[in-house]
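Asks: For reference, the sequence and a predicted model appear below.
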Amino acid sequence: MSVTAQPARPAPDHHAQFIELLSASLAQNAFIKLVLAKYVGEEAELQRLIIKPVVVKEQPCLSFVYRYKTRDITKNFPLADGVAAIAELLPTSFKNAHLLALTDEAQLEYSKKNKSSLFKSKPQQLREAPSAEHNREKNRFLDLSRPFLADLGVTDAKQALIPSMSRKWKQINKFIEVFSHALTSSPLQLDRPVRVADFGSGKGYLTFAIHDYLRNTLKAEGEVTGVELREDMVTLCNSAAARLEHPGLVFKCGDVRSVAPSELDVMIALHACDIATDYAIHTGIRSGASIIMCSPCCHKQIRLQIQSPVLLKPML
Ligand SMILES: C[S@@+](CC[C@H](N)C(=O)[O-])C[C@H]1O[C@@H](n2cnc3c(N)ncnc32)[C@H](O)[C@@H]1O
């Protein structure tokens, strides 16, 4: 009996299969996310690359978020260019790729000697299709297109959120959300100017935000004053307020203890240092403010709304 040698089977091309899965998920609008990990390139601080679908100027694109140790850099590519870039990066720059789609999941791995393995599975539960809208947002109280956000460095020239400012953006929105609830349950009427003081206004994120919310969202008259010790911040904020046409928004240089409007409707002191918050609360009560929003620096945040009876509630 003769034994004929079987021709050696070519090794499966896991790379091509993986790219095919990726392309198919894009073609079927089923692509959720791709994460490239185990970076082996030359950039010391690059950790991973997260790729998601976005729509830019009505064109489907892939958003590449390069995650470094301390920052993120985002670049958007048309679909075909994005897929070609991913194909190039494996395995020369990344040794691990995890693809998540609505109906499939796949993991491509390379050993130190670049031996590939491909694992495929089906998701255990039905996934929701991601929204591919650029700057996908939760229900926000402010719009990313507001000009003051670009001026203060929260958004870029294209009105897209600068990744490193995402915490600040969340904080600004949470602040306006809390304010809007407080306003609804306060006795304040919007048919007359709402007088606001923001003590320790810093770079003016919250001061601009509340002024913009009053004027542009609520169509009310806002007389908003930021009080800040640092002269450079005051100059920066006053010139931005003038340039961006924020009438009724002024910044004054001085100490909470000495620059205090006599009559106020809303008193804000968020993260003002040391005992500045205590002075601000005192001023707020003395000047008859209906709403006092404060959070002592480095302490648990609180919202204090003065009404009858006085309410003291956790803010965040
Ligand atoms: C941590 S920053 C907060 C800025 C802003 N409220 C926010 O939450 O984004 C605190 C600011 O309070 C200012 N500040 C501290 N003590 C002050 C005082 N006694 N009077 C006025 N401003 C003060 C500081 O200069 C600083 O800009």
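Replies: Right, received. Where do you want to start?

Asks: Just read off the phi/psi values of the residue in the stretch 51-200 of the chain that the ligand sits nearest to.
Replies: Residue nearest to the ligand within the stretch 51-200 of the chain (Cβ to the nearest ligand atom): G200, separated by 2.7 Å. Using the backbone N, CA and C atoms, a C-beta is placed for each residue, glycine as well. Main-chain dihedrals, G200, degrees, to the nearest 10: phi 70, psi 50.

Asks: How about it, nearest residue that isn't a chain neighbour?
Replies: Once flanking residues are discounted, G200 sits nearest to A272: 2.9 Å by Cβ to Cβ, 6 or more residues apart in numbering.

Asks: pLDDT at the one you found, what is it?
Replies: pLDDT for A272: 72.

Asks: who touches the residue of the stretch 51-200 of the chain closest to the ligand in this structure?
Replies: 227-229, 256, 269-273, 276-277, 280 (Cβ atoms under 8 Å, 6 or more residues apart in numbering).

Asks: re earlier: I'd say the residue nearest to G200 and D255 touch.
Replies: No. Using Cβ atoms under 8 Å, A272 is not in contact with D255; the gap is 10.5 Å.

Asks: what about the helices in the stretch 201-316 of the chain?
Replies: Secondary structure of the stretch 201-316 of the chain (DSSP state H, counting those that start in this stretch): helices at 205-212, 231-243, 276-286.

Asks: Can you add mean pLDDT and give these back as a markdown table?
Replies: Shown next, in a markdown table, are the helices of the stretch 201-316 of the chain (pLDDT from 0 to 100):
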| stretch | mean pLDDT |
| --- | --- |
| helix 205-212 | 96 |
| helix 231-243 | 95 |
| helix 276-286 | 86 |
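
Asks: which of those is buried the deepest?
Replies: Stretch with highest mean neighbour count among these: helix 205-212 (a mean of 26; mean count of other Cβ atoms under 10 Å).

Asks: other SSEs contacting that one?
Replies: On a contact count with 3 or more Cβ pairs under 8 Å, 6 or more residues apart in numbering; DSSP states H and E, helix 205-212 meets helix 147-151, helix 166-184, strand 194-199, strand 222-228, helix 231-243, strand 249-253, strand 266-270.

Asks: what's the angle between the last one and helix 166-184?
Replies: Note on geometry: by axes from the mean of the first three to the mean of the last three Cα atoms, to 10 degrees, strand 266-270 and helix 166-184 are set 150 degrees apart in direction.

Asks: Around the ligand, pick out the residues from the stretch 101-250 of the chain.
Replies: By Cβ under 6 Å from any ligand atom, the residues of the stretch 101-250 of the chain that approach the ligand are 199-202, 205-206, 227-230, 233.

Asks: Buried residues, stretch 74-85. List them.
Replies: For stretch 74-85, a neighbour-count test (16 or more other Cβ atoms under 10 Å) marks 74, 76-77, 79, 82-83 as buried.

Asks: Could you let me know which of those residues ends up closest to A260?
Replies: Among those, T74 lies closest to A260 (Cβ to Cβ), at 43.2 Å.

Asks: check which helix or strand covers the closest one.
Replies: Using DSSP states H and E, T74 sits in strand 72-78.

Asks: That strand pairs with which strands, parallel or anti?
Replies: Strand 72-78 has the following strand partners under DSSP bridges: strand 59-68 (antiparallel).
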